[in-house]
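K.L.:
Okay, here's the prediction I keep looking at, along with the sequence it came from:
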Amino acid sequence: MASVVRFLTRRRGGSGWHWTDMAAYAYLGLGVLLMFGPVAWLVLSSFKTQAALLEFPPTFLPLSQVEVTVEGYDEPLPLFSVTDEDGTVRELAQIRRVGIIAQMVDPADPETRIEVPIAQREPVREFALATENYTKPLEQFDFLRYLRNSVIVTTVATAITLIINSMAAYGLSIYEFKGRTVALGFVISTLMIPITVILVPTYLVVTELGMVNSLWGVILPGAATPTGVFLLRQYMLTIPRELIEAARMDKASEWQIYWRIVMPLSLPALAVLAIFSVMWRWNEFLWPLVVLARSEVYTLQVGLNAFQGELQVQWHFVLAMTVVTLLPVVVVFAFLQRFITTGIANTGMK
Amino acid sequence: MKLFGKVAVSALALGLVAGTASAQTTLRMTWYSDGNEGEVLRDLLDRFEEANPDIDVIVDNVAYQAGIIEGLPVQLAAGEGPDMARVTDLGGLAQYYLDMTPYLQDPIYWEDNFGPFLPWLRAPGDELAINGFMTQLSVTGPFVNKTLFEQAGVDLPGEGATWDDWAAAANEVASALEVPIPLAMDRSGHRFSGPAISMGAQYFDADGNPAVIDDGFRAMAERIVQWHQDGTMPLELWGSVSGSTYVGANEDFANAQVVMYMTGSWQISQFSDTIGDAFDWWAVPNPCGPGGCTGMPGGAALVALADTEHPEEVTRVMEYLASEEVLAEFYGRTLFVPGHLGLSRTGVEFDTDNPLAQHALETFSIGVATFSPVSFQLQGYPFNRVMFNAIISRLGQAIVGEMSLDEAYQRIEQDIEQQIAERTR
Amino acid sequence: MVDQTLDTPATLKSRAAEWAALPVRGVMRLLDWPMRLAQRIVGLGGMPYVFLLPNLIFFGTFVITPLIINFAFSLTGGPELFIEDRPFVGGEQYGFLFDCENALNVSTCREDRFWRGIYNTGTFVFFQVSLMILFSLITALVLNMKIRARGFFRSVFFFPVLLSPVVVALIWKWILLRDGLLNAFLTSIGLEKILFFVDPTWAMFWAVFVSIWAHMGFYTLIILAGLQAIPQDLYEAAQMDGTPRMRVFWRITLPLLWPNLLVVLVLSLIKGVQTFDEVYVLTGGGPGTATQFIVQYIYNTGFSNQVQNFGLAAAASMVLGTVLLVLTVIQLVVARRKGGI
């Protein structure tokens, strides 16, 4: 512990390599492996066939068995590499398997049948992407419609969230007024209630408002996020009061102060909230699933999760569709990566 | 132009099917899929829509757990449900079903062919309603990896073999070949109940009230706990999750890591895809005990829902889907055990050339005829889910050592009593 | 030391303005007139309430109303969904939850799963929050060093924050299964396979690990922001005085970082208690009930069991709400005393 602290607090800008640099890079290297590795594994796995997914030990790359056309057989036959008792290795095609004996044939000599115990053969395989994991579900489902719904939900909800939350944060940070502590406590205490535990009552409210099977039923309930108010307020507290006083002297209305002065100054915090809102909305699953029971209003997460059956999970589709829903997130992140991370760092809540 | 076309077609339809409908009706069906049944259904419905241009059926595909188990009951209770749905809690949702009898052209056909299954869908006290049909009759029973038996030189236990015989044989194979899992059973109260009834469990007293814990039940429960302790059964299934969560061993079985797997007929289609011909996955009859050699019947039903505004049209769709020819194609292409007596008698031409799948379908179809009456009584009991949930979640706790078996028995009875009281309050 | 990857406020602002401000500006203009009118009516003193109003309407409709309905649910029984159809049972549901001979020994409780849920959540939150803060702090300190490609590394650690909990759990489950990647690795170096989800300690370990993996990036950035705000000359002065580095850390870095750490503590504590979907998908709450948390208990009881019991679930969630409220109040008091929030 002591050495960790030492290298972590040492003066920056020192020259030359120090062992702490090595340690730091080792830590970061491990981080890269740990953070990216699992996702890379998911992507690789999503290109495997259903049978290949179940194999142990798993192969690193998606592979599929080589098939050869043998004279005298209508269907292409699977190719195996067979090790004889004396150690010689041959490549044979399998005609059929009876119990623990495989009937095989040498593609070069299609006349002779060879019987081989199944323990002596290994499939010959080559690299092949099982793209049908992607194409099949995407053909079967109205992908573009789900995408459109998801985009609508995400953008509209984020816009509403940004406006009403920043207004509330403005009200709670700029003014001293009666009930401010009460309102703040109110906001923070709702921060603690996860929607999962009040799912059924919330559904009742949405039913009464006639918003079942409408995108509004997904957009509105989560719009007032306590986390958003909390984040924005913490940031707005750092804005110098003199700016606001000066604007009031100039006869600016409160609304103008809010959106011409405070909003632009809070951009980093707003950006962070926007990013989070986009992520929450894009990834939301349980609530949309309950509210949206009709396929024309399905969002991506709901539509693409239809592959989980009662008794069997079609893993090859689940993994592929997970990658599909992941893609937009990755693209957004790749483009805005610098902006996102510095944005959050800049919200530095003090 | 498009609109005009549609109008013209419906007008034409009007002329043909005089007076049945005045405009196009849109019906909603909530559906989930374990395999290819969603695609097959869509095919069949497309044909129906072609022949009946006044009806448009939209299928809403959902995930099973979240859509059917969690979402649907709340939607139905709030009056926001679809017109038809594929459900598995057959009796539990009975209050929401539509009785199609007044609209059916030929109720006798339904009585004749779906007779034994119709009561599963009826609300308590109702003896007449026709609410839907079984999209799939599921039959529980074991598969074994016959290739492993052959490699180990162990014979398959013959007719009349008990669970103990099978467990011993599976252990012998596993130790000879170093296979990690001798015996696997789906983590489900429904799956457990077949073997328990074979051991003599009655589940109900003479008046038909729940009386789950008896000597037969204890005999099987003790074996299950014992098998988990001695490594016959893997902890990953029964011991790895909480509550009534379902876990299967499909992956391990397909990977030849399991000698014997107690599951059911719905696996056939998936095993054909994932295992194919890699080894002999062999359906065997349910092992025996003092109570018989029984599994559990079960399955999923397509039901018409009472909240619909178009009961006549819904009935027409249901009649079409339940007709012998259409249903034969549906079962044939999905490799489901038919829930239609006529088709069970004449046999369905299954769309597979895999002899293993053919054999399994045959074994399950024959097996269901020999099931104990208790298994049918249990399947038809409207609160059977309460029982299954209580059994699996408490036995699961006993297996990992959170409580003793005696405590588990006591809690199973308490849970069932409390939850039924809550449901009927 | 100018940080190359850190955007200056000006470029940040202009880039943000490009995509964020455009649609917003129109709406703001539209609202200008009614808000001026409002100010004329209520005056300056009334304006905070006007600003709070939209948010309060949303809170009232979608949080407070459901909470009130939830409370009503907790006093009723039966399977019906609409309150008016549900028979009143008074405190029976609460009585059922608290029917214990000895609350410290869960097996004497009638509804042992509820109590197990509470204790499991406590254990999880304790380890998750403390390790989360520890690793976020270490990572932030490393990222604050003079290293190459800092922007890249920063995004590496942040990246998982963007994934949905379900995806996170699926990814890790896929790795940790009996035939998963990790066991393949263990067997390849000659070790035995480990069945992670069968052992209560391993299951809890991975629940904590995965949730730290998924959320650490966010907290790291908050701490990093605090570190970057510490004036460099403080360190230089300490260096010149020859202050030991340990002392520098305890005397300068940590105290100045305190407000950020407090934010991390508050947020991670709240999120920790609410943890549900990622662990639910990962371990299913098992083995036995070892990782079944309180939110999962409520979710199972009221929703996902095929036998939905709205009343009992509502009662349990009221208990959870009360506990959380007390926690928040304690936090706010502590925070105020320490001069944080």
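P.N.:
Good, I have the coordinates.

K.L.:
okay, CA-based contacts and neighbour counts for the rest of this
P.N.:
OK.

K.L.:
Name the surrounding residues that touch the helix or strand containing residue B:315.
P.N.:
Per DSSP states H and E, residue B:315 falls inside helix B:311-322. With contacts defined as CA atoms under 8 Å, 6 or more residues apart in numbering or on different chains, helix B:311-322 is touched by B:25, B:27, B:44, B:48, B:55, B:83-84, B:98, B:100, B:103-104, B:132-133, B:304, B:308, B:326-327.

K.L.:
one more time with 7 Å, if that's ok
P.N.:
B:100, B:103, B:104, B:133, B:304, B:327 (CA atoms under 7 Å, 6 or more residues apart in numbering or on different chains).

K.L.:
Chain A contacts on the stretch 1-150 of chain B?
P.N.:
Within the stretch 1-150 of chain B, the positions lying close to chain A (CA under 7 Å from any CA of the partner chain) are B:32-34, B:60-65, B:67, B:71, B:147, B:150.

K.L.:
Just the buried subset of those residues, please.
P.N.:
Buried residues within those, counting neighbours by 16 or more other CA atoms under 10 Å in any protein chain shown: B:32, B:33, B:34, B:60, B:61, B:62, B:63, B:64, B:65, B:67, B:71, B:147.

K.L.:
Could I get the buried residue list for stretch A:168-186?
P.N.:
So, applying 16+ other CA under 10 Å, buried residues of stretch A:168-186: A:168, A:169, A:170, A:171, A:172, A:173, A:174, A:180, A:183, A:184, A:185.

K.L.:
now, the most widely separated pair of these?
P.N.:
For the buried residues of stretch A:168-186, the farthest-apart pair by CA to CA is A:174 and A:185; their separation is 16.6 Å.

K.L.:
tell me which parts of the stretch 201-350 of chain B are close to chain A?
P.N.:
B:251, B:255, B:274.

K.L.:
got CSV for those residues, with secondary structure too?
P.N.:
CSV is the format used below for those (DSSP: H, G, I helix; E, B strand; the rest coil):
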residue, secondary structure
B:251, helix
B:255, coil
B:274, helix
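
K.L.:
CSV please, covering these and showing neighbour count, pLDDT and distance to residue C:196.
P.N.:
Shown next, in CSV, are those (neighbours: other CA atoms under 10 Å in any protein chain shown; pLDDT from 0 to 100; distance: CA to CA, whole Å):
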residue, neighbour count, pLDDT, distance to residue C:196
B:251, 19, 79, 17
B:255, 20, 80, 19
B:274, 20, 80, 25
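
K.L.:
which one of those sits closest to residue C:189?
P.N.:
residue B:255 (21.8 Å).

K.L.:
got a list of what the closest one touches?
P.N.:
A:54, A:55.

K.L.:
so what's the backbone phi/psi at it?
P.N.:
Dihedral pair for residue B:255: phi -90, psi 10, per degrees, to the nearest 10.

K.L.:
so where does whichever residue of the stretch 251-400 of chain B sits closest to chain C fall, helix or strand?
P.N.:
Going by CA to the nearest CA, chain C is nearest to residue B:397 of the stretch 251-400 of chain B, at 4.7 Å. Following DSSP H and E, one finds residue B:397 within helix B:384-399.

K.L.:
Show the average pLDDT along that helix.
P.N.:
Helix B:384-399 carries an average pLDDT of 92.

K.L.:
pretty sure residue B:156 belongs to a strand, no?
P.N.:
No - the assignment for residue B:156, made by three-state DSSP, is coil rather than a strand.

K.L.:
Pop out the phi and psi values for the closest residue to it other than its chain neighbours.
P.N.:
For residue B:156, ignoring the flanking residues on the chain, the nearest one in space by CA to CA, 6 or more residues apart in numbering or on different chains is residue B:149 at 7.0 Å. Residue B:149 adopts backbone torsions of phi -60, psi -40, taken as degrees, to the nearest 10.

K.L.:
Give me the neighbour count for residue B:149.
P.N.:
By other CA atoms under 10 Å in any protein chain shown, 24 other residues sit near residue B:149.

K.L.:
Could you grab the helix/strand/coil label for the closest residue to chain C within chain B?
P.N.:
As assessed by CA to the nearest CA, chain C sits closest to residue B:241 within chain B, at 3.5 Å. Using three-state DSSP, the secondary structure recorded for residue B:241 is coil.

K.L.:
if I pick it, what's in contact with it?
P.N.:
C:283, C:284, C:285, C:286, C:287, C:288.

K.L.:
repeat that for 6 Å
P.N.:
Residue B:241 sits next to C:284, C:285, C:286, C:287 when contact means CA atoms under 6 Å, 6 or more residues apart in numbering or on different chains.

K.L.:
Give the buried residues for stretch B:112-131.
P.N.:
B:113-115, B:117-123, B:129-131.

K.L.:
Quick one: residues contacting the closest residue to the residue of the stretch 251-400 of chain B closest to chain C other than its chain neighbours.
P.N.:
Of all residues not flanking residue B:397 in the chain, residue C:288 sits nearest, at 4.7 Å (CA to CA, 6+ apart). Under the criterion of CA under 6 Å, 6+ apart, the neighbours of residue C:288 are B:239, B:242, B:396, B:397, B:400.

K.L.:
Now tabulate the residues you listed in a markdown table and tack on neighbour count.
P.N.:
Formatted as a markdown table, these follow (neighbours: other CA atoms under 10 Å in any protein chain shown):
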| residue | neighbour count |
| --- | --- |
| B:239 | 27 |
| B:242 | 26 |
| B:396 | 30 |
| B:397 | 26 |
| B:400 | 24 |
